[in-house]
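Colleague: Give me a 3D structure for the following:
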Amino acid sequence: MFDLGDSESSYFYMWSELSVWPTEWLRAGVVTQRTRVYRTDRDIQRGLLVGVSFKRVEGAVYFFNPGSDDHFTVVSLGVSF
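Modeller: As a prediction, this is how the structure comes out:
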């Protein structure tokens, strides 16, 4: 996000996943997210993901910074139609 009127409001955000589907309904892999607010250090988190799919519904759980004091979890749910 680049704010052309106020550069201090600008930031960069990236989310990347690499996963494999060992079955039709299960996937597993790694995930990373990176945030950089204007004139600050990069903030990078890495983690693991596990996802399931059933018909038109897909869900995933992301475990960021496992083994660290600042670990956290993100849960996603999607529906295709």
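
Colleague: now what about the helix or strand that residue 59 is a member of, what contacts it?
Modeller: Assigned by DSSP states H and E, residue 59 belongs to strand 57-64. Contacts with strand 57-64, where a contact means Cβ atoms under 8 Å, 6 or more residues apart in numbering, come from 27, 31, 33, 45-53, 71-80. Glycine gets a C-beta too; all of them are placed from N, C-alpha and C.

Colleague: Buried subset of these, written for ChimeraX?
Modeller: In ChimeraX, this line selects whichever of the contacts of strand 57-64 come out buried by 16 or more other Cβ atoms under 10 Å:
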select :27,31,33,45,47,49,51,53
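
Colleague: Report the contact partners of residue 50.
Modeller: Applying Cβ under 8 Å, 6+ apart, the residues contacting residue 50 are 26, 27, 28, 60, 61.

Colleague: Repeat that for residue 24.
Modeller: Contacts for residue 24 (Cβ under 8 Å, 6+ apart) come out as residue 53.

Colleague: Find the nearest non-adjacent residue to residue 51, please.
Modeller: Distances taken as Cβ to Cβ, 6 or more residues apart in numbering put residue 60 closest to residue 51, at 3.6 Å, once the chain neighbours are dropped.

Colleague: That should have said residue 77, apologies.
Modeller: In space, residue 77 is closest to residue 59, 4.7 Å off (Cβ to Cβ, 6+ apart).

Colleague: Next, work out how far apart that neighbour and residue 36 are.
Modeller: If you measure residue 59 against residue 36 using Cβ to Cβ, to the nearest Å, the figure is 29 Å.

Colleague: What of residue 56?
Modeller: 36 Å.

Colleague: higher neighbour count, those two?
Modeller: residue 36 (15 against 9; other Cβ atoms under 10 Å).
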